[in-house]
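*Asks:* generate coordinates for the sequence data below:
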Amino acid sequence: MSSIIFIFFLVIVCCLGWGLWLRRRPFSVELRKQKYKDLEMRAKEGDVEAMYRFAELYYTEHDERFFPMIFKWVSILAAQKKDPAVWLLMGDLYCAGHGTLRDAKRALSCYEQALSADIVSGKNTDLSQEAHNHLERQIIDLRKEVFQ
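*Replies:* Below you'll find the predicted structure:
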């Protein structure tokens, strides 16, 4: 009886391990292109959730081939929403020159809008304390760069 229970648990552990391995396995380039294409179609239809997914993909995949597409949809989302996390991402994109030319003035403007939206939203903000601190540091650094 105990050997049956042991085999049962062994099978469960193997299945869970296999599932986790499949999840962590990176997508092939073709699958990633298809995922981006599907998201872009949804974003063109006005799906705000698809636009947010582009922002998430920037942080999770960080593949420079897709930066222009990410920049496009995140900038549209930023124009529609006063979400501090979206404005923070826009600032990061401008600051690093991902998907666009590096522009310290625009990055500073985005960071300031993110900070303003974060302060206005108070305790309802989406930004973590770490993100808020990053935002403040970026503003200080960019002000030094822009106004020198």
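
*Asks:* point out where this protein drops to low pLDDT.
*Replies:* 1-3, 5-27, 123-126 (pLDDT under 70).

*Asks:* quick one: the helices in it?
*Replies:* 2-24, 29-44, 48-61, 67-80, 84-96, 104-121, 129-146 (DSSP state H).

*Asks:* against which helices or strands is the fourth one packed?
*Replies:* With contacts defined as 3 or more C-beta pairs under 8 Å, 6 or more residues apart in numbering; DSSP states H and E, the packing partners of helix 67-80 are helix 29-44, helix 48-61, helix 84-96. The way it works is simple: take the backbone N, C-alpha and C, and place the C-beta from them, glycine included.

*Asks:* same list, the helices of the chain, but as TSV with mean neighbour count please.
*Replies:* Below are those laid out as TSV (neighbours: other C-beta atoms under 10 Å):
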stretch	mean neighbour count
helix 2-24	9
helix 29-44	14
helix 48-61	17
helix 67-80	18
helix 84-96	23
helix 104-121	19
helix 129-146	14
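
*Asks:* neighbours of the nearest residue to residue 71 once chain neighbours are set aside, how many?
*Replies:* Closest residue in space to residue 71, ignoring its immediate chain neighbours: residue 99 at 2.7 Å, by C-beta to C-beta, 6 or more residues apart in numbering. Counted with other C-beta atoms under 10 Å, the neighbours of residue 99 add up to 19.
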